[in-house]
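**Student:** Predicted structure and sequence below. I'll ask about it afterward.
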Amino acid sequence: MSSAVPTNHLICNREFVVGAVDPRLFGSFVEHIGRAVYTGIFEPGHPRADARGFRQDVLALIRELGVTVVRYPGGNFVSGYKWEDGVGPAEKRPRRRELAWMATETNQFGTNEFVEWCRLAGIEPMMAVNLGTRGPVEAGELYEYCNHPGGTALSDLRVAHGYERPHGIRLWCLGNEMDAPWQMGTCEPEEYGRRAREAAKQMRFPDANRSSSPPPDVEFVVCGSSSGEMPLFGHWERRVLEQCFHQVQHVSLHTYYGAPIERPVDALAQTDAMARFIDDVAATCDAVSASFKSPKRFTLCFDEWNVWTMDGDRAEWKPAWSIAPPLQEQVHNVLDALLLGGMGLTLLARVDRVKIACLAQLVNVIAPIRTRAGGPAWRQTIFWPFHDLSRYGRGRVLRSAVRCAARIPHVPISAKSLEKAEGNALQVVVVANDDGAVTVFALNRSDALQALVVELQGFEGLGLGWWRILSSPDLRLVNTEAAPDRVRPQEATGARFEGAKLKVDLPPFSWNVLRLAP
Ligand code: AHR
């Protein structure tokens, strides 16, 4: 370690933890948009599809990615969706105008196919109900169709459709981005909060007025603001929660950040804004609990997060009422992957509050996995940090005391925040894994080499298992069908232990995973 290199110190103690990682932090999202479903996860007749049309090559990549939960069917799509269109004999299902993305929806993939696909993938389904153009009654009917054991009209309809056993869906999103002007059925917060409360009562919680906590087999996610920059942000959360305080457990957050290639430091510094966004939503929830004189702590569900790329090829939105038109098939570069890693670390650092998160989305649309219709599937650059977080980020997140030698002055990318700021050059999260290993995740957000010293207290006899880096002097590099492995993590050498201290030099603009084994 050269003395000219800034040295950053971090101390962790086995006994001091932020919290246990809920595996549902590593969720994702499949919407009926573009080619996410059709020719993404579902392509009957594809050489790698099974008899149901589920692409096995895509499923293998999803399993490798480590996705635990998938939110479905939207997104903006859900606010115009009639779930009845997507069940029953496929040849009888109607084609509809799909107004969120201006496509034709064939309904060949619906609720039952989604649940079957989830079971095959080993993924927990997270179902969203339409509270835009429909309401609490239809939400209750979908719940009855999915989860009621039998002996009623809609549960018997499910049985008649070939699904004897109830789907047992536990996680339910009460609408999507209901504050947004682009949302079908958008409304004032009091109105939405009332719809959410009544939907929960129609679905599984009829005795809500007598009981202060929902039944143990169901969890409801209520829509927070569509982003921290919405005009009503803060007010929206407070006014919604005042309406459905007793019925919901989780509040949703959504964020997409761009990463302009000519401003890598500013791009990566956005994770500080994400941390502040989480803190602001948590504080707002706590203020509502205080006003209810209640010990209730809402947990957070970051059910849309990703990098919305600003570089490379982008399929533009050309609505034409076609079936599964290519839409937002963004090609992510190395900088996008670094930013995604930083966003993932921001979630991991707040596991005391954030219990569920969904990378938006999973296949083809703003996605870690791309496919060609009739052709192969491949991993985008952003696949890798998510993969690392899901695979090695399980266990308990340790509290860290950090002294960062290097600060990065940065200019906020969003025109709406006018303040200049500066942040730490490094983002580091340490996880005590369930198997006795410890994983150090470190993002170097600066253009300079940074030395990191991690003092691990209370861990005996750890040694360096391996160190992997994702980085490149060319932050524009992307993976493509022709070069699917151009960007992938590389084994690194040079990290070492001195007593209980891990010492490592982190290259400029790099994503690092260090696995320390007993
Ligand atoms: O993920 C794409 C879209 O972004 C979703 O449909 C919507 O919820 C958000 O605005």
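**Tutor:** Noted; the coordinates are in hand.
**Student:** so where do the strands sit in the stretch 151-300 of the chain?
**Tutor:** 171-174, 219-222, 250-257, 299-307 (DSSP state E, counting those that start in this stretch).
**Student:** For the ones you listed, please prepare CSV with the additional fields mean neighbour count.
**Tutor:** Where C-beta positions appear, they are placed from N, C-alpha and C, glycine not excepted. Output for the strands of the stretch 151-300 of the chain, formatted as CSV (neighbours: other CB atoms under 10 Å):
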stretch, mean neighbour count
strand 171-174, 26
strand 219-222, 24
strand 250-257, 23
strand 299-307, 26
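**Student:** TSV for these, including mean pLDDT and distance to the ligand?
**Tutor:** Putting the strands of the stretch 151-300 of the chain into TSV (pLDDT from 0 to 100; distance: least, CB to the nearest ligand atom, whole Å) gives the following:
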stretch	mean pLDDT	distance to the ligand
strand 171-174	98	10
strand 219-222	97	13
strand 250-257	97	6
strand 299-307	98	6
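**Student:** What is the burial count for residue 429?
**Tutor:** Residue 429 has 24 neighbouring residues, counting by other CB atoms under 10 Å.
**Student:** show me the contacts for it.
**Tutor:** 345, 348, 349, 393, 397, 400, 440, 441 (CB atoms under 8 Å, 6 or more residues apart in numbering).
**Student:** Of the residues you listed, which pair is most distant in space?
**Tutor:** Greatest spatial distance in those: 393 and 400, 14.4 Å, computed using CB to CB.
**Student:** So between these two, which is more surrounded?
**Tutor:** residue 393 (25 against 17).
**Student:** pLDDT check: weakest of the contacts of residue 429?
**Tutor:** Lowest pLDDT within the contacts of residue 429 is found at residue 400 (92).
**Student:** So the chain: which segments form each domain?
**Tutor:** Following automatic domain parsing, the chain resolves into domains at 7-15+397-517, 22-394.
**Student:** which of those is buried the deepest?
**Tutor:** Of all those, domain 22-394 carries the top mean neighbour count, a mean of 20, counting by mean count of other CB atoms under 10 Å.
**Student:** Over to that domain now: how far is its first residue from its last?
**Tutor:** Start-to-end span of domain 22-394 (CA to CA, to the nearest Å) is 8 Å.
**Student:** wait, doesn't residue 221 sit right on residue 254?
**Tutor:** No: contact criterion CB atoms under 8 Å: residue 221 and residue 254 do not qualify, at 11.6 Å.
**Student:** Common neighbours of these two, please.
**Tutor:** residue 303.
**Student:** on that earlier part again, mean pLDDT lowest where, among the domains of the chain?
**Tutor:** Mean pLDDT is lowest for domain 7-15+397-517 out of those, coming in at a mean of 91.
**Student:** roughly how far out does it sit from the chain middle?
**Tutor:** Relative to the centre of its chain, domain 7-15+397-517 is centred 21 Å away, using CA atoms, centre = their mean, to the nearest Å.
**Student:** In the protein, which residue sits closest to the ligand?
**Tutor:** residue 75 (2.9 Å; CB to the nearest ligand atom).
**Student:** and that residue, what does it touch?
**Tutor:** 29, 31, 32, 33, 100, 128, 176, 304, 360.
**Student:** Among these, give me the pair with the biggest separation.
**Tutor:** Spanning the widest gap among the contacts of residue 75 are 32 and 304, at 15.0 Å by CB to CB.
**Student:** what residues are up against residue 235?
**Tutor:** The contact partners of residue 235, taken as CB under 8 Å, 6+ apart, are residue 189.
**Student:** near the ligand, which residues of this protein?
**Tutor:** By CB under 6 Å from any ligand atom, the residues of the chain that approach the ligand are 31, 74, 75, 76, 176, 177, 304, 360, 361.
**Student:** got CSV for those residues, with distance to residue 216 too?
**Tutor:** Below are the residues of the chain next to the ligand laid out as CSV (distance: CB to CB, whole Å):
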residue, distance to residue 216
31, 29
74, 27
75, 28
76, 31
176, 25
177, 28
304, 27
360, 28
361, 30
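**Student:** Now do the SS call for the closest residue to residue 323 other than its chain neighbours.
**Tutor:** Residue nearest to residue 323 in three dimensions, not counting chain neighbours: residue 104, with 5.0 Å by CB to CB, 6 or more residues apart in numbering. Under DSSP: H, G, I helix; E, B strand; the rest coil, residue 104 falls in the strand class.
**Student:** who's residue 104 bridged to?
**Tutor:** residue 97 (DSSP bridges).
**Student:** Could you shift the numbering so residue one becomes 34, and keep it that way?
**Tutor:** Fine by me, first position is 34 from now on; the one you just mentioned is residue 137.
**Student:** What's opposite the closest residue to residue 357 other than its chain neighbours in the beta bridge?
**Tutor:** Leaving aside its chain neighbours, residue 357 sits nearest to residue 71 (3.7 Å; criterion: CB to CB, 6+ apart). For residue 71, the beta-bridge partners under DSSP bridges are residue 75.
**Student:** close enough to count as contact, residue 71 and residue 356?
**Tutor:** Yes: using CB under 8 Å, residue 71 is in contact with residue 356, at 6.7 Å.
**Student:** which SSE is residue 474 in?
**Tutor:** Applying DSSP states H and E as the criterion places residue 474 in strand 471-477.
**Student:** Tell me which strands that strand pairs with, and in which orientation.
**Tutor:** The pairing partners recorded for strand 471-477 under DSSP bridges are strand 459-465 (antiparallel), strand 543-550 (antiparallel).
**Student:** With distance to residue 169 as new columns, can those be given to me in JSON lines?
**Tutor:** As requested, the strands paired with strand 471-477 are exported to JSON lines (distance: least, CB to CB, whole Å):
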{"stretch": "strand 459-465", "distance to residue 169": "40"}
{"stretch": "strand 543-550", "distance to residue 169": "44"}
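**Student:** hang on, the earlier thing: run through who's touching the strand holding residue 474.
**Tutor:** 301, 371, 374-375, 378, 381, 421-422, 425-426, 458-466, 483, 485, 487, 489, 492, 495, 535, 537, 539-549.
**Student:** Restricting to C-alpha, output stretch 107-121 in PDB.
**Tutor:** Extracted C-alpha coordinates of stretch 107-121, given in PDB (Å, rounded to 0.1, in the frame of the first residue of the first chain):
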ATOM      1  CA  GLY A 107     -47.000  -4.200 -13.200                       C
ATOM      2  CA  GLY A 108     -46.100  -1.400 -12.900                       C
ATOM      3  CA  ASN A 109     -48.300   1.000 -14.900                       C
ATOM      4  CA  PHE A 110     -49.800  -2.000 -16.700                       C
ATOM      5  CA  VAL A 111     -51.600  -3.200 -13.600                       C
ATOM      6  CA  SER A 112     -53.700   0.000 -13.400                       C
ATOM      7  CA  GLY A 113     -55.600  -1.000 -16.500                       C
ATOM      8  CA  TYR A 114     -55.500  -4.800 -16.100                       C
ATOM      9  CA  LYS A 115     -58.500  -7.100 -15.800                       C
ATOM     10  CA  TRP A 116     -57.100 -10.200 -14.300                       C
ATOM     11  CA  GLU A 117     -60.000 -12.300 -15.500                       C
ATOM     12  CA  ASP A 118     -58.700 -11.800 -19.100                       C
ATOM     13  CA  GLY A 119     -55.600 -13.900 -18.300                       C
ATOM     14  CA  VAL A 120     -57.100 -17.000 -16.800                       C
ATOM     15  CA  GLY A 121     -58.900 -20.000 -18.300                       C
END
